[in-house]
Structures are given as structure tokens and as C-alpha cells.
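Enquirer: no sequence on this one, just coordinates:
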């Protein structure tokens, strides 16, 4: 029998309220992140802020190797 995994929504970063609701998705250049809204202050935010996020290492290495190969 499969076990149920409880998914918790993150606390509001503005007012630190525990009750937040999932309100859609936001697409950035690398992925799709869920949006949440605080039920008390109505502040919209993403679950985990990713400041200064770079491209995945695989994309960086592929770009550098293609650059070093030069034009064909």
C-alpha cells in the first residue's frame, strides 16, 4: 500500500504566517516554479528564493566545449 506524502506549503517571507495557498506557476529561463499566496497579507511569492542562480553545469560545459571547437 503506498504511503501518503504530506506536502507543506512554505511560510510567508513577509509576515511569517504559516497558512499559504498555492496560486499558479511562474516560468523562468530554466524551470517552472510554483507560486504561493499568503492568506493573511495576500503577498505572492515563490517557495524557495533562488538568488544568483546560474545555468546548470551541463549547459555551461557544453557551451564552453562548443566554443573551443570553433566554427566548422
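Expert: Arrived safely. Predicted model only: the values in this text are computed from it and were never measured. Numbers count the residues shown, from 1 in each chain.

Enquirer: quick one: low-confidence parts of this protein?
Expert: Along the chain, segments meeting pLDDT under 70 span 1-7, 48-53, 72.

Enquirer: all helices for it, in order.
Expert: Using DSSP state H, the helices of the chain run over 57-69.

Enquirer: center of it - which residue?
Expert: Centroid-nearest residue in the chain, with CA atoms, centre = their mean: residue 33, separated by 3.9 Å.

Enquirer: ok, it to residue 67 distance?
Expert: 29 Å (CB to CB, to the nearest Å). In this view, the C-beta of every residue, glycine as well, is placed from N, C-alpha and C.

Enquirer: same question, residue 12
Expert: For residue 12, the distance to residue 67 equals 43 Å [CB to CB].

Enquirer: And the two? Which one has more around it.
Expert: For residue 12 versus residue 67, neighbours defined as other CB atoms under 10 Å are more numerous around residue 12 (21 against 8).

Enquirer: Phi and psi next, for that one.
Expert: phi -70, psi 130 (degrees, to the nearest 10).

Enquirer: Could you shift the numbering so residue one becomes 9, and keep it that way?
Expert: Okay, using 9 as the starting number, the last item reads as residue 20.

Enquirer: Leaving out sequence neighbours, find the closest residue to it.
Expert: The shortest distance from residue 20 to any non-neighbouring residue, by CB to CB, 6 or more residues apart in numbering, is to residue 46 (3.8 Å).

Enquirer: Quick check: bridge partners of that neighbour?
Expert: Beta-bridge partners of residue 46, counted by DSSP bridges, are residue 28.

Enquirer: you'd agree it is up against residue 28?
Expert: Yes. Residue 46 lies in contact with residue 28 (CB atoms under 8 Å); the separation is 5.3 Å.

Enquirer: anything in contact with each of the two?
Expert: Residues touching both residue 46 and residue 28 (CB atoms under 8 Å, 6 or more residues apart in numbering) are residue 20.
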